[in-house]
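Chemist: Build the 3D model from these lines:
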Amino acid sequence: MPPPLKNPLVYVVDDDSDVLGSLRFLLETDGFCVRTFRSAEALLNAMTMGGADCFVIDYKMPNMSGIDLAGILRQRDVHTPIILITGYPDATIPAKAAAAGIRHVLHKPHVEDSLSSRIWDLIKTAPPPAA
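Modeler: Residues are numbered from 1 along each chain as shown. Next comes the predicted model:
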C-alpha cells in the first residue's frame, strides 16, 4: 500500500493578523497545512522556506511589498507558485505582479471565494522541483 499523500503546505504572508487567522482557518479547513508570517522579512528569515507548495502573499505590507518579496524569492531560485492578494484596486498591479513572476492576483474581500481552488490548480500544474 502506498504511503498517504501529504497535505500541501501553503505559506501565507500578511501584516494583518485578522487576515492571517482567517486565511489559516479557510485553508486548513480545505486540507492544507499552513504557516503564517506577519512580514516579508519573517518569511525570508524562515529556515524552511523551500518546503512550501504555494505562497499567498499580500500586496501592501510595511517595509516590503508582496511584489518585491516575490522578486526576491525568484532571485533566490524559488519557483513555487505565488498568489498575490490585494485590497487595492490598482490597474497596474497585475502587470507588476507578472514582472515579478506572479501569475495570479486575487482581490480582497473576495479572496475566500476562489483561493483554495486556485491553490489546488496551481499545485497540480506546477512543474516538479528540480532534483
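
Chemist: from here on, contacts and neighbour counts on C-alpha atoms
Modeler: OK.

Chemist: Is I57 bridged to anything, and to what?
Modeler: When assigned by DSSP bridges, I57 has beta-bridge partners V13, L84.

Chemist: Send me the longest helix along the chain as CSV with only the CA atoms.
Modeler: For the chain, the helix that runs over the most residues, judged by DSSP state H, is helix 111-125. Backbone C-alpha positions of helix 111-125 (Å, rounded to 0.1, in the frame of the first residue of the first chain) are rendered in CSV as follows:
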residue,chain,number,x,y,z
VAL,A,111,-10.2,36.0,-1.7
GLU,A,112,-12.0,33.3,0.1
ASP,A,113,-14.3,32.7,-2.9
SER,A,114,-11.6,31.2,-5.0
LEU,A,115,-8.4,30.9,-3.1
SER,A,116,-8.4,27.2,-2.2
SER,A,117,-9.4,26.1,-5.7
ARG,A,118,-6.7,28.4,-7.2
ILE,A,119,-4.1,26.9,-5.0
TRP,A,120,-5.1,23.3,-5.8
ASP,A,121,-5.0,24.1,-9.5
LEU,A,122,-1.5,25.7,-9.2
ILE,A,123,-0.1,22.8,-7.2
LYS,A,124,-1.5,20.3,-9.8
THR,A,125,0.0,22.1,-12.7
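
Chemist: A100 contacts G66, correct?
Modeler: No - applying Cα atoms under 8 Å as the test, A100 and G66 come out as separate, 9.5 Å apart.
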